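Engineer: okay, here's the prediction I keep looking at, along with the sequence it came from:
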Amino acid sequence: MSAYSNYSDQELKALLKNNDHNAFTEIYSRYWKKMLLIAWNYSNGSNEAKDIVADVFISLWERRNKVDIDNLPAFLATAIKFNIFKHYQKTQRRKALAEANYEFDEIINDESKLDALFLKEYINGIVEEMPEKCRMAFRYSREAGLKNKEIADKINLSEKGVEANITKALKIIRGELKNYGTTILVFITLYLTKGN
């Protein structure tokens, strides 16, 4: 039996922040079954339950130095529920996009188009929540293809102000999408760097 099994959650959290792999392994061993049960219950026995649990633990390791956790099992359970919600929301949105934009046969044969559509809708949602000047600068730049000087005239900002707002918008979008994997990063590179 590992000595780590005798540690409290508080001790494990402190060790985790210090990049201790064994502490992470103990947290995983201690809680993965409980988290799988939560995922299974909230996803109605979905096959994705195991993937969701794995994603939550991967995220815990990746964010170990950035998150402050008071109650480890409550933190993990909340993360599981949030990821199930995101998965459900994505599934429903993709279904709606598919029904609105494709014939059934095209859906089966063109998953990448559906992914691109979903991603575009998702980015639009992120942009809509940005501060007004930031949102306008980004839209004029990426969607209308205007130069910084033209944008500056339209939204009554200096060119430097426009540049700062576009940079801020890109940072917000990258931050929101950083956990979505390589495909997303390729899309971000192609879409968000357009016009630079």
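Structural biologist: Perfect, I can see it now.

Engineer: where do the helices of this structure begin and end?
Structural biologist: 9-17, 21-42, 49-62, 72-101, 104-109, 111-128, 132-142, 148-155, 159-177, 182-192 (DSSP state H).

Engineer: ok, of those, where does mean pLDDT dip lowest?
Structural biologist: Among those, helix 104-109 carries the lowest mean pLDDT, a mean of 44.

Engineer: what's in contact with stretch 9-22?
Structural biologist: Outside of stretch 9-22, the residues within contact range by C-beta atoms under 8 Å, 6 or more residues apart in numbering are 2, 4, 7, 23-24, 26-27, 60, 64-65, 69, 71-73. Every residue, glycine included, has its C-beta placed from N, CA and C.

Engineer: are any of the residues you listed buried, and which?
Structural biologist: 4, 7, 23, 24, 26, 27, 60, 64, 69, 72 (16 or more other C-beta atoms under 10 Å).

Engineer: excluding chain neighbours, what is closest to the third one?
Structural biologist: This means residue 23. Distances taken as C-beta to C-beta, 6 or more residues apart in numbering place residue 15 nearest to residue 23, at 3.6 Å, with adjacent residues excluded.

Engineer: run a quick neighbour tally on that neighbour.
Structural biologist: When neighbours are defined as other C-beta atoms under 10 Å, residue 15 has 19 of them.
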